[in-house]
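Participant: show me the folded form of this:
(one chain, ligands or ions: 1)
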Amino acid sequence: MTTYIEKLESRYTAKKFTPNISIPSKTIEDIKRILQLSPSSTNSQPWHFVIATSEESKERIAESARGFYEFNAGKITDASAVVVLCTKSTVDTDYTDTVLLQEEKDGRFPNNEVKEMNRKGREFFMLKHRDTLNDAQHWMEKQTFIALGNLLVGAEHLGLQACPMEGFDYEYLTEALALDKKGFVPTVIVSLGYGADDDFNANTPKSRLPQQSIITEI
Ligand SMILES: Cc1cc2nc3c(=O)[nH]c(=O)nc-3n(C[C@H](O)[C@H](O)[C@H](O)COP(=O)(O)O)c2cc1C
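Facilitator: The predicted structure is shown next:
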């Protein structure tokens, strides 16, 4: 059996996909579950995921890889599925209440006292980032990046190649998917599918900084 480290070593960012191959529907369900199971600070889950599988919807997303970002367009149109990982654009207690109710429904509160402690804890962090640190958007996007990490490693487990992309026109994609009306901003795009045999990146050695320069043991 392949170890977790071996999966991390074998995964790579696909720069070219084999077009016209569908991902089995069971695997699409696994992708949804990977996204849903992603952890986040205070279980805030300040995200939404748009999954495109039709040619038309992939084309719509690829339109955001314009101008300087043109180099990413083919990675979107040739992929089998494209996930746009979005982040909430506001911090509000309606949303935190929704999370609280879900946790209650899922049986996480033995009594009202625990429920109230949970509500206060989540609100403390959200309001601290909104009103004291003024970085609520950044804080929420950090949560979405956890889902990104999960998805990239998860894709390798599912036998898929992935290409994460920040090279796209955010304003264009926000409009194209009407994300502003839903209260979200696009954070990062991930194309998923089957890497092309002639993808230079598949056979280029992985490069990372040495452990002694990135890790300190104390
Ligand atoms: C947040 C993020 C944004 C990225 N944006 C792009 C992109 O716009 N286009 C692209 O081809 N690769 C993009 N990459 C891929 C990185 O260049 C790649 O992950 C890195 O060079 C490490 O290589 P590996 O993923 O093959 O191990 C992005 C990766 C991440 C994590």
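
Participant: helices and strands around whichever strand or helix holds Ile51, which ones?
Facilitator: Ile51 belongs to strand 47-52 when elements are defined using DSSP states H and E. Strand 47-52 makes packing contacts with helix 25-36, helix 55-62, strand 81-88, helix 136-157, strand 184-193 when contacts are defined by 3 or more C-beta pairs under 8 Å, 6 or more residues apart in numbering; DSSP states H and E. Where C-beta positions appear, they are placed from N, C-alpha and C, glycine not excepted.

Participant: pull out the CA atoms of the first one and give them to me as PDB.
Facilitator: As requested, the backbone C-alpha atoms of helix 25-36 are provided in PDB (Å, rounded to 0.1, in the frame of the first residue of the first chain):
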ATOM      1  CA  SER A  25     -19.700  10.200 -10.400                       C
ATOM      2  CA  LYS A  26     -18.500   8.200  -7.300                       C
ATOM      3  CA  THR A  27     -15.200  10.100  -7.500                       C
ATOM      4  CA  ILE A  28     -17.000  13.400  -7.800                       C
ATOM      5  CA  GLU A  29     -19.000  12.500  -4.700                       C
ATOM      6  CA  ASP A  30     -15.600  11.800  -2.900                       C
ATOM      7  CA  ILE A  31     -14.400  15.200  -3.900                       C
ATOM      8  CA  LYS A  32     -17.400  16.800  -2.400                       C
ATOM      9  CA  ARG A  33     -16.900  14.800   0.800                       C
ATOM     10  CA  ILE A  34     -13.200  15.900   1.000                       C
ATOM     11  CA  LEU A  35     -14.200  19.500   0.700                       C
ATOM     12  CA  GLN A  36     -17.000  19.100   3.300                       C
END
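
Participant: for it, packing partners?
Facilitator: Counting contacts by 3+ C-beta pairs under 8 Å, 6+ apart, helix 25-36 packs against strand 47-52, strand 81-88, helix 136-157.

Participant: still on that earlier bit, the strand holding Ile51 vs strand 81-88, what angle?
Facilitator: 160 degrees (axes from the mean of the first three to the mean of the last three C-alpha atoms, to 10 degrees).

Participant: helix or strand for the residue in the chain that the ligand sits nearest to, which one?
Facilitator: Relative to the ligand, the nearest point of the chain is Gly167 (3.1 Å; C-beta to the nearest ligand atom). Under the criterion of DSSP H and E, Gly167 resides outside all helices and strands.

Participant: that one contacts Arg66, correct?
Facilitator: No. Look at Gly167 against Arg66 with C-beta atoms under 8 Å: they stay out of range, at 10.4 Å.
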